[in-house]
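Asks: here is a sequence with its predicted model. Questions after.
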Amino acid sequence: MTQIDFYILQDAGGTQLQRFACRLVDKAWQRGLRCHINTATPEQAERIDDLLWTFRDISFLPHAKGITNSEDSQRLAAVIGTGTEPAGELNVLINLSPEVPAFFSRFERVAELVDNDESRRTAGRERFRFYRDRGYPLESHNIR
């Protein structure tokens, strides 16, 4: 069964969520796992794409937007999409969308990122209830 982890960031602001998403990709890649980052908008996908090039001076995370070829996705740390199911064997879903993606259960783990923005916090609570009501194992992590 898919493990669901909620990461609660103390700051409000989309850039903190996006930077934290990059940190999660980096950590997963170091452990041999590949991620799909599900963004809320194409603009957010562009920002994540840019951040994965620049968020750390000492490393590069191979990534691409909208890969539909499963062979290509196997060489990447992350695939970035906006509401579309990715191809290939990916282990971790990082959800930046306010909705639960229909394809979430194909992943071993789901990372739900929430900050102090009231609308994102409310949407996060709704996603938490969705998973809880269906019996998925849940963990919450407060990130300072």
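Replies: Sure, I can see it.

Asks: and the residue of the chain most remote from its centre, what element?
Replies: Taking C-alpha atoms, centre = their mean, the residue of the chain most remote from its mean C-alpha position is Ile58, at 21.9 Å. Using DSSP states H and E, no element contains Ile58; it sits outside every helix and strand.

Asks: the most centrally placed residue in the chain is in what secondary structure piece?
Replies: Centroid check for the chain by C-alpha atoms, centre = their mean gives Ile94 as the closest residue, at 1.3 Å. If you go by DSSP H and E, Ile94 is part of strand 92-95.

Asks: elements contacting that strand?
Replies: Where contact means 3 or more C-beta pairs under 8 Å, 6 or more residues apart in numbering; DSSP states H and E, strand 92-95 is packed against helix 14-30, strand 35-38, strand 109-114. Placement of C-beta: from N, CA and C, glycine included.

Asks: apply 10 Å and report the result again.
Replies: On a contact count with 3 or more C-beta pairs under 10 Å, 6 or more residues apart in numbering; DSSP states H and E, strand 92-95 meets strand 3-9, helix 14-30, strand 35-38, strand 78-81, strand 109-114.

Asks: so how far is the last one from its chain's centroid?
Replies: Put plainly, it is strand 109-114. Here the centre of mass of C-alpha atoms in strand 109-114, compared against the chain's by C-alpha atoms, centre = their mean, to the nearest Å, lies 6 Å away.

Asks: and the helices and strands packed on strand 92-95: which comes nearest His141?
Replies: strand 3-9 (5.1 Å; C-beta to C-beta).

Asks: just how off-centre is that closest one within its chain?
Replies: 10 Å.
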